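> A predicted structure for the sequence below; I have some questions about it.
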Amino acid sequence: MRQLTYPAILVLIMSMVIGCSKDESSAKSDKAPSIPSQTSLEFTHDEQTFQIIPLYEEILEYTGLVQDDPSQQTKVEYGGKVVVPFQQYAAEKNIDIGNMYYPFFQPTENPQTLEENTVQLLEQQDRINTLIKESLIKSANYLSGGTKTVFVMPLNPENTFTILKMDGVWGLTMSEGAILLQIDPSFKEETLNYIVAHEYHHAVNMERSGKELYSLMEAVIFEGKADSFAGFVYPDYQAPWAESLANKSQDIVLEELRKNANSYDSSVYNEFFTGNSAKDIPLWSNYKIGFQITQSYLDANPGVSIGEWTEMEAKEVVQGGEYKYLIE
C-alpha cells in the first residue's frame with residue numbers, strides 16, 4: 001500500500017527464463033553462528049533488473065544494542081543502526097528512496113520480540129525472497145518497467161493492525177524504482193504475493209506518469225488501479241481493503257469524493273484512508289471506492305490494455321465508467 005501525503009506524503013513458479021542472478025551476503029551484526037546471514041538478490045527478467053535488499057541484520061544491530069543497554073532505545077540510536085545504513089546503501093546504488101519512509105522507521109518498545117521476529121524472518125528468507133521474486137516476475141509479465149528495488153525488513157511488533165488485518169504484510173512505494181516491505185513472521189504467502197504486485201504497479205505508474213502530487217480523486221484512482229492490476233496477477237486473492245462498501249457507506253463515500261475530488265488537503269485524504277466514524281466513512285474507503293471506480297471503467301472498456309489504462313489520467317478512468325458524474 002502507499003499512503004500519500006501532500007506535498008511533504010501493495011505465486012507463479014517461474015517458467016520464464018531469468019537472465020542472471022546473484023546472491024550477496026553481509027555480516028554486519030555479531031549474531032550467533034546459528035542465525036543465517038542476510039542475503040540480497042539481484043536478477044533480470046526480459047531485460048528488466050530487480051533487486052531484493054534485506055535489512056534484517058541492521059535491525060539485529062539495533063536490538064542487540066538496546067537489550068545490552070536499554071538507555072540506547074531511542075530514535076537517534078535506531079537511526080544510526082537502521083536508517084543511516086539504509087540511506088547509505090540507497091545512495092551508493094543510486095536508488096531514489098524519496099522521503100515518505102521516515103514515519104515507518106521507528107524503534108519499538110519491545111526489542112526482544114523484534115529480535116525474535118527478525119531471526120525467524122532470516123530463517124525464512126529464502127522462501128520470502130522466492131515469493132517476492134516470483135511476484136515481481138509475474139507482475140512484469142503483465143506490465144514492464146524499469147529497474148525496481150525491493151527493501152525488506154521486519155514489521156514493528158507493535159503494529160498489530162497489520163498483523164491482524166493485513167496478514168502481517170505492509171508495503172510502501174517510495175519512488176518509481178524503490179519499494180519497502182515490512183513483514184511479520186506470521187505473514188501469509190498469498191498476501192505477500194498480492195501486495196508485491198500492488199506496489200509494483202504503483203512503481204510503474206509513477207514511472208510512466210511522473211506525478212508526485214495527487215488530488216483526492218487522483219490518489220483514489222491510483223490505489224484503484226493498483227488493486228485492479230494485482231487482481232489480474234492474482235485473481236484468486238480478495239484483498240480486504242478492496243472489498244465492496246455497503247450501499248449506505250458507498251453513497252456517503254461517493255458524495256464526499258465528488259465534493260472533494262480536486263482537493264490536495266491531506267486531512268481529507270486521510271479520512272478516506274483511516275475512516276471517519278462521525279461522517280460514516282469506513283476504513284480504507286480510498287482503496288474500496290478506487291477499486292470500484294477502476295473496475296467500472298475496465299468493465300465498460302474491456303479492449304483497453306493494462307499499459308494503456310495504467311497511463312490514463314484519473315479523470316479519463318472516472319469518465320469512462322458509471323461514475324462519470326463524480327467529475328463535473
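Arrived safely, thanks for sending. Numbering: from 1, shown residues only.
> state the distance from residue 36 to residue 149.
21 Å (C-beta to C-beta, to the nearest Å). C-betas here are computed from N, CA, C, even on glycine.
> I meant to write residue 209 there.
19 Å.
> same drill for the two, tell me which one is more crowded.
Set residue 209 next to residue 149 and count neighbours by other C-beta atoms under 10 Å: residue 149 wins out with 24 against 17.
> could you chop this structure up by domain?
21-209, 216-326 (automatic domain parsing).
> least reliable of the ones you listed going by mean pLDDT?
Of all the domains of the chain, the minimum mean pLDDT falls on domain 21-209 (a mean of 92).
> which strand or helix spans residue 152?
For residue 152, the element it lies in under DSSP states H and E is strand 148-154.
> what is the longest helix seen in the chain packed up against?
Across the chain, the helix with the greatest residue count (assigned by DSSP state H) is helix 189-209. Helix 189-209 sits against helix 125-142, strand 148-154, strand 169-175, strand 178-183, helix 216-233, helix 306-311, with contacts defined as 3 or more C-beta pairs under 8 Å, 6 or more residues apart in numbering; DSSP states H and E.
> which of those sits closest to residue 291?
Ranking those by proximity to residue 291 (C-beta to C-beta) places helix 216-233 first, at 4.4 Å.
> tell me the helix or strand right after that closest one.
Following helix 216-233 toward the C-terminus (DSSP H and E): helix 247-259.
> for that following helix, buried residues please.
Counting neighbours by 16 or more other C-beta atoms under 10 Å, one finds that the buried residues in helix 247-259 are 249, 250, 252, 253, 254, 256, 257.
> mind putting the residues you listed into CSV with distance to residue 281?
Formatted as CSV, the buried residues of helix 247-259 follow (distance: C-beta to C-beta, whole Å):
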residue, distance to residue 281
249, 7
250, 11
252, 6
253, 6
254, 11
256, 6
257, 10
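> how near is residue 207 to residue 158?
Going from residue 207 to residue 158 by C-beta to C-beta gives 33 Å.
> oh sorry, the question was meant for residue 183
15 Å.
> now do residue 56
According to C-beta to C-beta, residue 56 and residue 158 sit 18 Å apart.
> again, but for residue 38
Counting by C-beta to C-beta, the gap from residue 38 to residue 158 is 23 Å.
> between those two, which is the more surrounded one?
residue 38 (25 against 14).
> quick one, phi psi at the more buried one?
phi -70, psi 150 (degrees, to the nearest 10).
> ok, now the one 4 residues further on?
Residue 42 adopts backbone torsions of phi -130, psi 140, taken as degrees, to the nearest 10.
> identify the bridge partners of it.
residue 22, residue 51 (DSSP bridges).
> got the contact list for residue 315?
217, 327 (C-beta atoms under 8 Å, 6 or more residues apart in numbering).
> and with 6 Å instead?
Contact analysis of residue 315 by C-beta atoms under 6 Å, 6 or more residues apart in numbering lists residue 327.
> helix or strand for it, which one?
helix 314-319.
> any buried residues in that helix, and which?
Quick answer for helix 314-319 (16+ other C-beta under 10 Å): 314, 315, 317, 318.
> ok, stretch 34-54 next?
So stretch 34-54, judged by 16+ other C-beta under 10 Å, has buried residues 37-43, 45, 48, 50-54.
> and the two most separated of the residues you listed?
Checked with C-beta to C-beta, those reach their widest spread between 37 and 48, with 27.3 Å between them.
> number of nearby residues for residue 101?
19.
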